[in-house]
Each structure stands twice: as C-alpha cells, then as structure tokens.
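A.B. asks: Give me the fold of what follows.
(chains A and B)
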Amino acid sequence: MKAKHQRLILIIAALIAIIGAGLIAAWTLRNQANYFYLPEQMAATPPAVGQAVRLGGMVRPGSLSTQADGVTVNFMVTGNTDDAFPVRYHGILPDLFVEGSGVVAEGSLGTDGVFVATNLLAKHDENYVPKELEGMGSAQAAQMAADTTIGLTQ
Amino acid sequence: MHIYANPTRFLSLAKWLMPLLFWSGLVLSVGALAWGLVAVPPDRLMGETVRILFIHVPAAWLGMGGWAGIAISSAMLLIWKHPLAAIAARAIAVPGMVFCAICLATGSIWGRPTWGTWWEWDGRLTSMLVLLFLYVGYIALTQATAREGGSSKIAAIFGLVGAVNVPIINRSVVWWNSLHQPPSITAGKSAIDATFLVPLLVAVVGFSLLFGAIVLMRMRALIAEQQVEARLRRRALDDDASAAGVPVMEQA
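C.D. replies: Purely as a prediction, here's the structure:
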C-alpha cells in the first residue's frame, strides 16, 4: 500500500469520526438547544411558575382578543398537535403578528396557567408569496407557492 | 484535476477563466439584484423587506460553500500534497468570510422588521456566527504560517475539523425549534413563489461565478507572491556568493 493511500484512508476515517462526533453532539443537544418550547412540550413538562422560558407556535385563528384597556391581548398558541396554550401579553404587537402566523413569546407561566409574555417576536414561515395573495393562511400560502413554483416541484 | 495541480498549467487556465467568470458573474449579480430590488412585488407579510432575500440567501450559501471548499482543499493537501491545494484553501477563506459576514448583517437587518429583534441566540444564528469566527481563526492561522514559516498541515487539519459546523448550520432549523424559519428550498421542493425564486436563483449563479473569479484572482496573487519571495531569496543567495569576503555592513 502506497503512503498516499494510507493518508487517504486515515483522513477519511478521521473525517468520519469528527463529523460523526459533531453530529452526535448536536443531535443530543436537540432538547437543550431549542430556542423555544412548543405548546405540547410545555403541556407535557410545564416549567416552574415564574421561570423565564419561551413559548413558540402558531396563533390560533379566531383566538385573538383585546381587553378593555386596549393594549392587553389574549390568544391561544398551537403547535403540531391539538394542544393549545393560552398567552397574555401587555404591550405593542410586532407588525407581522397576525392570527394563523408564527409567534415566539418570551415570559413565564403564571399561577393561573396562562403564559404571561413580556416580549413577543413574530416568526416568519418558510413561504414567500407575493402581495396579491394577501390574506391567505400559511397552509394556503404553502400550497400556492408549491403550485406556482416551476421546475423544482415534483 | 491532477493535471492542474501544476501551477504553470493552472496559471494558463486561470488567465482566461478568471475574466470570464468575473464579467459573467458581475452581469448576472447586478441584473438579479436590480430585478429583485425593483421589479419583484412585495411579499404578502414582509412587504418590501423580502428584497433582502436576494442578497442574504446567496451570501449564506456561499459562506457555507466556502468552508466546504476549504475542507476539500485541505483534504487534497493532506492526502496528495498538491502544491495548489494550500493556495486554494487560503484563497477561498477571505471571500468566504466576507459572504458569511454579509449573510449575518443582512439577516440582522431583515430580522428587525420581521421578527422584531436584531439578534437572538437561536440555533441557526449562533451556528452561523460560529462559522464567521472559524473563518477569522483560519485566516489568522494561515497568515501566521505564511509569515513565520511552519507546516501548512496545521491549517489543513483546522479546515477539516471546522467542516463539522457546516452540516450543523444546515440542519439547525430542522433539529431545533428556532426563530429562523425552516429551509424554503430543499431537494426538489421550494416554498418560494416563482416570482421570487427565479431572480433568487439567478443571483445565486451570479454570486457563485463572482466567488469563483475572486478565488482565482487571489490564487494568482498568492502564487505571484511566492514566486517573488523565491526570487528574492535566490538573489540574496547569489549576492552573498559573489560578495564573499566583503563585510556584511557594506552590502546593505
């Protein structure tokens, strides 16, 4: 075996080991490195009352209601399952915050089981659709994007 | 591939390939950016901020692709000891870092109106920032090796180890709940409407050609630098030989 081939095998083995180790580390981090909890995760393992956490998901359509003071809003956040988590927020809403769209709420769980948000971040989904299609929900937008995408979709 | 490991043969190829890549890349990039900035309609939710997509996405892909290039060159240097591989890796590092920085800056500018924040420590943003630091470290290491002397193998090993971050960046939005949206374009599927997708793909091609041209330019410059150094060293040796017996002070 030539020295060249020995080096080739050694480097391929080293590369597989390094990438394997990195990916295993990243994979095992998947529960710790989450930027936010989904509602079903929060319902399954609720954080302590007052502990600072983030809750992320979709704003359930029709659940958004503004209280009498005009700046406090209540809404339900849904995830991949039917679980929904009630959220209360007092403050100015981000521009992209709409029903049926993604949201990340920073705050903590209140004693009454409602998530009290101190900050709201709007989460954009992966769909990019022109303005003439305004008013669509995310599912419709994804469908529209898929239908009008040339070449790549099959 | 092995044929072009010879610097002379590489230089004759680079001489006509470089301007070709540069001008075609420039025309496509400028065209795609003008198309994206002026002709494309606003997005249904993001409005005008969607236009940053045409810079952000190509820059992100090239930032990651640059490190893949460094890793491949590093492997070629370690296995086949190609004289050009070390030069190629060094040449890729600077444009790779610049595109990575452009991606982070444009992402931050996009994040403020869209998410309501300039920066959040989510998986995608953090791993991309790590990539920028890897580039900075790699450039510092290769420059120190070039200046102080030493084995280019050390930088090559760094290039290979750093490659682990590239798949992590790619998967970060899939493995972890992140503020950054999941990938819009995956193998054979796109969630981007054709109105945006076509100028985006043109921008990606244009930016990639420009990237290639910059890499070739830098490779030529690095080879020329090495030749100058070799020639100066040879002349210094010749001077020493001819001026044998003359005190050292007088030579200067």
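
A.B. asks: and the stretch 151-252 of chain B, which residues reach chain A?
C.D. replies: Selection of the stretch 151-252 of chain B residues close to chain A by Cβ under 8 Å from any Cβ of the partner chain yields B:160-161, B:163-165, B:167-168, B:171, B:175-179, B:181-185, B:188-198. To be clear about C-beta, it is placed using only N, CA and C from the backbone, and glycine gets the same treatment.

A.B. asks: Which among these count as buried?
C.D. replies: When neighbours are counted using 16 or more other Cβ atoms under 10 Å in any protein chain shown, those contain these buried positions: B:160-161, B:163-165, B:167-168, B:171, B:175-179, B:181, B:183-185, B:190-198.

A.B. asks: close enough to count as contact, residue B:223 and residue B:87?
C.D. replies: Yes - here residue B:223 reaches residue B:87: they are 6.3 Å apart, a contact under Cβ atoms under 8 Å.

A.B. asks: These two - which one has more neighbours?
C.D. replies: Looking at residue B:223 and residue B:87 with other Cβ atoms under 10 Å in any protein chain shown, you find the greater number of neighbours at residue B:87, namely 24 against 19.

A.B. asks: I'd like the distance between residue B:93 and chain A.
C.D. replies: When Cβ to the nearest Cβ, to the nearest Å is applied, the distance between residue B:93 and chain A equals 19 Å.

A.B. asks: Where does that residue sit: helix, strand or coil?
C.D. replies: The three-state label given to residue B:93 by DSSP: H, G, I helix; E, B strand; the rest coil is helix.

A.B. asks: Surely it touches residue B:138?
C.D. replies: Yes - under the criterion of Cβ under 8 Å, residue B:93 lies in contact with residue B:138, with a separation of 5.4 Å.

A.B. asks: Pick out whichever of the two has more residues nearby.
C.D. replies: For residue B:93 versus residue B:138, neighbours defined as other Cβ under 10 Å are more numerous around residue B:93 (28 against 24).

A.B. asks: Which single residue of chain A ends up nearest chain B?
C.D. replies: Using Cβ to the nearest Cβ, the closest approach of chain A to chain B is made by residue A:22 at 3.3 Å.

A.B. asks: That residue is in what secondary structure piece?
C.D. replies: Following DSSP states H and E, one finds residue A:22 within helix A:3-28.

A.B. asks: contact partners of the helix or strand following that helix?
C.D. replies: Past helix A:3-28, heading to the C-terminal end, the next element that is a helix or strand (DSSP H and E) is helix A:39-44. By Cβ atoms under 8 Å, 6 or more residues apart in numbering or on different chains, the surrounding residues in contact with helix A:39-44 are A:53, A:55, A:57, A:77-81, A:83-85, A:109, A:115.

A.B. asks: how about 6 Å then?
C.D. replies: Counting by Cβ atoms under 6 Å, 6 or more residues apart in numbering or on different chains, the neighbours of helix A:39-44 from elsewhere in the structure are A:55, A:57, A:77, A:79, A:81, A:83, A:85.

A.B. asks: Make sure the fifth one is indeed in a helix.
C.D. replies: No - per three-state DSSP, residue A:81 lies outside any helix segment and is coil.

A.B. asks: Quick one, grab the pLDDT at it.
C.D. replies: For residue A:81, the model assigns a pLDDT of 78.

A.B. asks: For the closest residue to it other than its chain neighbours, grab the count of nearby residues.
C.D. replies: Ranked by Cβ to Cβ, 6 or more residues apart in numbering or on different chains and with sequence neighbours excluded, the top spatial neighbour of residue A:81 is residue A:40, at 4.7 Å. Counted with other Cβ under 10 Å, the neighbours of residue A:40 add up to 16.

A.B. asks: re the thing from before, what's the farthest-apart pair in the contacts of helix A:39-44?
C.D. replies: Set against one another by Cβ to Cβ, these have their most distant pair in A:55 and A:81, with a gap of 14.4 Å.

A.B. asks: Which of these two has more residues huddled nearby?
C.D. replies: The residue with the greater number of neighbours, taking residue A:55 and residue A:81 and applying other Cβ under 10 Å, is residue A:55; the counts read 24 against 10.

A.B. asks: Which members of the contacts of helix A:39-44 are classed as buried?
C.D. replies: Applying 16+ other Cβ under 10 Å to these, the neighbour count classes A:55, A:57, A:77, A:79, A:83, A:85 as buried.

A.B. asks: tell me the mean pLDDT for the host helix or strand of residue B:16?
C.D. replies: The secondary structure element spanning residue B:16 is helix B:7-34 (assigned by DSSP H and E). Mean pLDDT, helix B:7-34: 92.

A.B. asks: helices or strands next to that helix in the packing?
C.D. replies: With contacts defined as 3 or more Cβ pairs under 6 Å, 6 or more residues apart in numbering or on different chains; DSSP states H and E, the secondary structure elements packing on helix B:7-34 are helix B:194-242.

A.B. asks: now the helix it packs on and helix B:7-34, what's the angle there?
C.D. replies: 150 degrees (axes from the mean of the first three to the mean of the last three Cα atoms, to 10 degrees).

A.B. asks: Let me see the mean pLDDT of helix B:194-242.
C.D. replies: Averaged over helix B:194-242, pLDDT sits at 90.

A.B. asks: out of the buried ones among the residues of the stretch 151-252 of chain B next to chain A, which are inside strands?
C.D. replies: The subset of these located in strands under the criterion DSSP state E comprises B:185, B:190.

A.B. asks: ok, which stretches of the stretch 1-150 of chain B are helices?
C.D. replies: Shown for the stretch 1-150 of chain B, the helices assigned by DSSP state H, counting those that start in this stretch span residues B:7-34, B:53-80, B:83-114, B:123-148.

A.B. asks: Pull out the buried residues from stretch B:22-33.
C.D. replies: B:22, B:24, B:25, B:28, B:29, B:32, B:33.

A.B. asks: which residues touch that stretch?
C.D. replies: B:54, B:199, B:202, B:203, B:205, B:206, B:207, B:209, B:210, B:213.

A.B. asks: swap in stretch B:56-72?
C.D. replies: By Cβ under 6 Å, 6+ apart, the list of residues contacting stretch B:56-72 from outside reads B:89, B:92, B:96, B:99-100, B:102-103, B:106-107, B:159-160, B:163, B:166, B:169, B:203-204, B:207, B:211.

A.B. asks: For that stretch, which residues meet the burial criterion?
C.D. replies: B:56-67, B:69-72.

A.B. asks: The residue of chain A closest to chain B is in contact with residue B:163, isn't it?
C.D. replies: No - using Cβ atoms under 6 Å, residue A:22 makes no contact with residue B:163, being 8.8 Å away.
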